[in-house]
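Trainee: what follows is a predicted structure for the sequence shown.
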Amino acid sequence: MTEPSGAAPVVPDSRDGAAYVIDPEVAFAVRVAEATGRPLLLRGEPGCGKSSLAAYVAREKGWRYYEHVVTSRTTARDLLWSFDAVRRLADAQVRTLGAALHDVNYVQPGVLWWAFAPELARRRGAPEEDTDFVPAEDPDPRNAQRAPDKAVVLIDEVDKADPDLPNGMLVPLGSNEFEVTETGARVRHRGGGVQHLIMITTNEERELPQAFLRRCVVVWVPEPTEQHLVQVAERHLRYHGAAFGRAERELAEQLAGDLLDARVEAQAGGIRPPSTAEYLDAFQAMRELDIGLGSPEWGRLRGLTLLKVQQPKA
């Protein structure tokens with residue numbers, strides 16, 4: 001086996017958007033969503049770059065960035081705020097006699113709150129005259145250097161949740177306001193230059209409600225092409241300070257062609273076809289381990305990174 005090169009490995013997808021290659025049709029959909037004020041629903045197979053798009057747009061525009069990865073337990077309220085009732089109960093049991101608890105301090109703003117009203121999120125909904133609160137910290141420290149009145153929000157893998165989640169998002173996304181139940185604070189998108197772009201991804205694991213789809217701009221992130229894959233490989237290497245010369249380009253082109261063949265093979269076999277994420281994994285492994293498409297180890301690497309089908313032992 002060839003020894004690793006010893007160079008620092010290139011992270012295939014840092015999810016910060018710095019090395020993203022955007023498709024022209026997707027770029028146009030972003031502009032439409034921004035112009036209409038509607039959420040942008042990104043559809044497409046896993047690994048095609050849906051989740052990295054929001055960070056890319058935020059970075060390019062210099063807007064603040066927030067993300068929430070949806071799970072089966074996520075509710076619509078989690079995107080707006082959460083309330084730490086357990087900590088409040090514990091504090092109530094040990095507080096000094098006569099000392100009051102300030103409910104505002106147990107409120108944690110969600111990603112949509114930070115987008116709608118960032119200053120009120122920092123105050124946890126406390127009125128301006130109230131000074132008895134602990135300021136909330138912006139969940140992404142990079143936002144301190146970005147536009148204070150503009151934000152991109154990623155709601156990732158919305159299809160993992162119950163249909164109540166997209167249905168529950170309709171009112172706050174439509175009205176840009178909501179009320180914090182525990183404190184009565186009213187959160188409103190205050191206008192005056194404040195702008196936000198909501199991006200929502202789905203892997204098509206669950207059908208989304210029609211009412212939700214009607215309120216979104218919808219775009220399918222296209223299947224990878226050979227040219228796009230080579231551009232992705234070049235962008236990632238250059239971003240991480242690595243060279244992309246003739247040898248790297250030839251490897252990227254050869255691997256891109258093989259990945260497209262592997263996609264056809266996978267679809268014919270009824271398994272999920274490899275996409276851009278798997279391409280980057282294979283490309284990185286081939287560079288680090290000095291494996292070419294003609295190497296004896298390529299077949300094993302191809303099964304590990306592209307097709308991911310383990311042959312049963314005899």
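Mentor: That came through fine. Numbers count the residues shown, from 1 in each chain.

Trainee: what about the helices in the chain?
Mentor: 24-36, 50-61, 85-94, 111-116, 118-122, 164-175, 210-214, 226-239, 246-268, 276-289, 298-302 (DSSP state H).

Trainee: for the residue most central in space within the chain, what are its contacts?
Mentor: Most central in the chain under CA atoms, centre = their mean is Ser51, positioned 3.6 Å from the mean C-alpha point. Applying CB atoms under 8 Å, 6 or more residues apart in numbering to Ser51 gives the contacts 15, 154, 156-157, 201. Quick note: C-beta positions are derived from backbone N, CA and C, even for glycine.

Trainee: tally of neighbours for the nearest residue to Thr36 once chain neighbours are set aside?
Mentor: Take Thr36 and drop its neighbours on the chain: the residue closest to it by CB to CB, 6 or more residues apart in numbering is Val217, 6.4 Å away. Neighbours of Val217 under the rule other CB atoms under 10 Å: 19.

Trainee: and if you look at Asp78?
Mentor: Asp78, neighbours per other CB under 10 Å, totals 19.

Trainee: thinking again about what came up before, tell me the most buried of the helices of the chain?
Mentor: Among those, helix 111-116 has the highest mean neighbour count (mean count of other CB atoms under 10 Å), at a mean of 25.

Trainee: what about Tyr56, distance to Leu154?
Mentor: Counting by CB to CB, to the nearest Å, the separation of Tyr56 from Leu154 is 11 Å.

Trainee: do the same with Ile291
Mentor: Here Ile291 is placed at a distance of 34 Å from Leu154 (CB to CB).

Trainee: what residues are up against the residue nearest to Val218 when sequence neighbours are not counted?
Mentor: Closest residue to Val218 apart from its sequence neighbours, by CB to CB, 6+ apart: Leu41 at 4.7 Å. By CB under 8 Å, 6+ apart, the residues touching Leu41 are 200-202, 208, 213, 216-219.

Trainee: tell me the bridge partners for Leu41.
Mentor: Bridge pairing for Leu41 (DSSP bridges) gives the partners Ile200, Val218.

Trainee: Pro166 is in contact with Val70, correct?
Mentor: No - taking contacts as CB atoms under 8 Å, Val70 lies outside contact range of Pro166: 9.8 Å.

Trainee: count of residues packed around the residue nearest to Pro139 when sequence neighbours are not counted?
Mentor: Nearest non-adjacent residue to Pro139, counting by CB to CB, 6+ apart: Tyr66, 6.4 Å away. When counting by other CB under 10 Å, one arrives at 27 neighbours for Tyr66.

Trainee: would you mind measuring from Tyr66 to Ile155?
Mentor: Distance from Tyr66 to Ile155, by CB to CB: 9 Å.

Trainee: what sits in contact with each of the two?
Mentor: Val111.

Trainee: in space, what's closest to Gly257 - neighbours in sequence excluded?
Mentor: Glu226 (6.0 Å).

Trainee: could you double-check that that neighbour lies in contact with Asp258?
Mentor: No - between Glu226 and Asp258 there is no contact under CB under 8 Å: 10.1 Å.

Trainee: now mean pLDDT and distance to Leu79 too, for the helices of the chain, in CSV please.
Mentor: CSV is the format used below for the helices of the chain (pLDDT from 0 to 100; distance: least, CB to CB, whole Å):
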stretch, mean pLDDT, distance to Leu79
helix 24-36, 96, 17
helix 50-61, 94, 14
helix 85-94, 87, 18
helix 111-116, 95, 5
helix 118-122, 95, 13
helix 164-175, 92, 7
helix 210-214, 94, 13
helix 226-239, 93, 30
helix 246-268, 92, 34
helix 276-289, 92, 25
helix 298-302, 90, 40
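
Trainee: can you add distance to Ala136 and give the ones you listed back as a markdown table?
Mentor: A markdown table is the format used below for the helices of the chain (distance: least, CB to CB, whole Å):
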| stretch | distance to Ala136 |
| --- | --- |
| helix 24-36 | 27 |
| helix 50-61 | 20 |
| helix 85-94 | 14 |
| helix 111-116 | 9 |
| helix 118-122 | 6 |
| helix 164-175 | 19 |
| helix 210-214 | 29 |
| helix 226-239 | 32 |
| helix 246-268 | 44 |
| helix 276-289 | 33 |
| helix 298-302 | 46 |
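
Trainee: can you tell me which of these is nearest to Gln145?
Mentor: Closest to Gln145 of the helices of the chain, according to CB to CB: helix 50-61, at 11.0 Å.

Trainee: can you give me the offset of the closest one from its chain's centre?
Mentor: Centre-to-centre, helix 50-61 and its host chain are 8 Å apart (CA atoms, centre = their mean, to the nearest Å).

Trainee: and that helix with helix 24-36, angle?
Mentor: 60 degrees (axes from the mean of the first three to the mean of the last three CA atoms, to 10 degrees).
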